[in-house]
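Chemist: Any chance you could fold what I've pasted below:
(chains A and B, ligands or ions: 2)
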Amino acid sequence: MMILEVERLSVSFGGVRAVDDVNISVEAGQVFSIIGPNGSGKTTLFNLLSGVYTPDHGVIRFAGETVTDLEPDRLARRGLSRTFQNLQIFSRMSVLENVMVGHHRHEDTGILADLVHWPSVRRQNAATRELALAALARVGLADEARLASTSLSYGALKRLEIARALASDPKLLLLDEPAAGCNPIETQEIDRVIRSLIKDGITVMLVEHDMRLVMNISDRVHVLARGRTLAEGTPEEVRSNAAVVEAYLGDHGSKEATRAFG
Amino acid sequence: MVSLVQTRLMPAIVIAALIVVLPAFFPSAYYYRIGVLVFIFALAVVGLNLLMGFAGQVSLGHAGFLGIGAYSVAIGPVHFGVPSWLCLFGGAALSGVVAFIVGRPILKLKGHYLAVATLGLGLLLAIVLTNEARWTGGPDGMSVPRLVLFGWSARGATTWYWIAGATFIVAFVLALNLMDSPTGRALRAIHDSEIAARVLGIDVARKKVAIFVISAMYASVAGSFLALFNGYVTPDAAGFLRSIELVAMVVLGGMGSIVGSLVGAVVLVVLPQALTVFHDYEQVLLGLIVMVFMIFLRRGIVPSLAAAFAGRRK
Ligand SMILES: Nc1ncnc2c1ncn2[C@@H]1O[C@H](COP(=O)(O)OP(=O)(O)O)[C@@H](O)[C@H]1O
Ligand SMILES: [Mg+2]
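Modeler: Residues are numbered from 1 along each chain as shown, chains lettered A, B, ... in the order given. Ligands and ions are numbered 1, 2, ... in the order given. Purely as a prediction, here's the structure:
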């Protein structure tokens, strides 16, 4: 079953075609990676998929339904969640509270009940807290739950965003450069987390520059260059694709290419 | 679980105890009067802090809702013979409805644009109250009949001390409750990152309107109390300076600190009274003190002091 189908998706910003006529089909339960040099439109694609941007052209279908013009919160309530390349942490909240917000779409107390702290609110708070702690444990941050979110390291914040997205119990999770700025041990940790998600039946779309991670974990890899599709296939197919190798060597991605192919 | 509830409500318990004990040290009835003003302003400030400090949405027109509440308990009884207590609830409902209608378009704006739009709302409400002289007495204002409950007339600073104090505690607890709830977490999330809040399924526009309505109702009740306590109301109740005063109390006490709202109200109600001994220099000194507070306690009194204590303990 295809959980996500994208047809001829395009968006431009003042003449720049950031995403240009892209087609994508993501099989449920797989890891689907998007790679490409900086500025090739990966984050823009995620912004389109999550409803943050509205496309100029094209169709997006999620779990069999057309969702092209849906607002981000509506999409989230259908089971699409994401993390951000440039972190979007709730910095005035604790680590645990950040993740508790992730569970919001399943919380069902009204504002009047919230004001008087009706017993249902207490039950909900306890349930949400349990769930958030479990999500934190999954990314290895259980011991940091009580800390201020601002006290975490960059790599830990990346994992905090994953835990927060997980707390929403998504069907499809978009991870935008989760390993950027992470040391090898933290990257290993993210690899482990993604594998555990797949076991739970969550589909993962991954944007990542760490080619070892991408090639190890992906079922399919989609390559973008200047907003357009350059290639798509299994990691082996993409690795041996001449156009891909050239794009990486030609652009400012030669370091990535060495890591990926060398 | 029980201990969690206790820590959450601890500030409310401590403040309630203070409210009960303090009058034992009041040298004169004048101090009751100051207490009443503190509670009434703190009530409005807690409401505004829910909007500003938690949800991160500024309002420079909140005195407009104070005005709606104040004139409700004036116009209702005088022109229509409706009992004051009913008008208090009616005023709160009306403020809520106005906030609901205006909130959706206005709260789409951000930062300075939102500030100016709410400023406009406040000015608009104040002008209506000034111009509809037939109903409001115009710039001169109108007198407000006493609050009568079950045949008993609420008058005098001592009586109002207990009414306003008790109401403030209830409002304070409701605010603490809200912040430790799904809605409260969503609001605080919106403050820090609207985009992250949205992709986690939070209907940002709806939540903003909801807290705008609640905060307008807080202001309205405070306005009704102020009018009933003073027995008189003028359009100044809804004026721009009043709005600024409320914002100053929020920021001085500490954005996002419910306890800070009380502290902000205490400082800006008590200080001008205490400084009257300096006659001509009163305003200058007040301005100076507020500036010094903000320079040294830049996150507001309560959060800054809390951080300083937490730092020392480590
Ligand atoms: N909101 C925006 N306004 C203007 N240009 C944008 C916007 N978002 C993305 N872009 C442009 O789209 C292109 C692709 O950017 P991006 O998707 O961030 O690339 P990547 O994530 O692959 O590094 C860049 O040229 C970028 O400047
Ligand atoms: Mg990017």
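
Chemist: contacting residues around the longest helix seen in chain A?
Modeler: When every helix of chain A is counted residue by residue (DSSP state H), the longest turns out to be helix A:119-138. Contacts of helix A:119-138 from elsewhere in the structure, counted by Cβ atoms under 8 Å, 6 or more residues apart in numbering or on different chains, are A:95-96, A:99-100, A:102-103, A:107-109, A:113-114, A:142, A:144-145, A:160, A:163-164, A:166-167, A:193, A:196, B:1, B:5, B:177, B:180-182. (Each C-beta comes from the backbone N, C-alpha and C, glycine too.)

Chemist: which residue ranges form the strands in chain A?
Modeler: A:2-13, A:16-27, A:31-35, A:57-62, A:65-66, A:80-82, A:172-176, A:203-207, A:220-225, A:228-233 (DSSP state E).

Chemist: orientation of the fourth one relative to strand A:16-27 in degrees?
Modeler: Pointing back at strand A:57-62 there. Strand A:57-62 and strand A:16-27 meet at an angle of 30 degrees, taking axes from the mean of the first three to the mean of the last three Cα atoms, to 10 degrees as the criterion.

Chemist: where does chain B have low pLDDT?
Modeler: The model of chain B has pLDDT under 70 over residues B:1-6, B:312-314.

Chemist: Helices of that one, start to end?
Modeler: In chain B, helices defined by DSSP H lie at B:2-21, B:29-49, B:63-80, B:84-106, B:111-131, B:133-136, B:157-179, B:182-192, B:194-199, B:204-230, B:240-253, B:258-274, B:282-296, B:301-313, listed in chain order.

Chemist: which residues sit in contact with the nearest residue to residue B:285 once chain neighbours are set aside?
Modeler: What sits nearest to residue B:285 in space, not counting adjacent residues and going by Cβ to Cβ, 6 or more residues apart in numbering or on different chains, is residue B:275, at 5.2 Å. Contact partners of residue B:275, counting by Cβ under 8 Å, 6+ apart, are B:281, B:282, B:285, B:286.

Chemist: Near residue A:16, how many other residues are there?
Modeler: The local packing of residue A:16 (other Cβ atoms under 10 Å in any protein chain shown) involves 13 other residues.

Chemist: Might you report the residue contacts of the spatially closest residue to it that is not a sequence neighbour?
Modeler: Leaving aside its chain neighbours, residue A:16 sits nearest to residue A:227 (8.0 Å; criterion: Cβ to Cβ, 6+ apart). Applying Cβ under 8 Å, 6+ apart to residue A:227 gives the contacts A:16, A:17, A:18, A:19, A:20, A:22, A:40, A:41, A:44.

Chemist: Please repeat the previous calculation with a cut-off of 7 Å.
Modeler: Taking Cβ atoms under 7 Å, 6 or more residues apart in numbering or on different chains as the definition of contact, the neighbours of residue A:227 are A:17, A:18, A:19, A:20, A:40, A:41.

Chemist: and what of residue A:140?
Modeler: In this structure, residue A:140 makes contact with A:159, A:189, judged by Cβ under 7 Å, 6+ apart.

Chemist: Relative to residue A:182, how far out is it?
Modeler: Counting by Cβ to Cβ, to the nearest Å, the gap from residue A:140 to residue A:182 is 12 Å.
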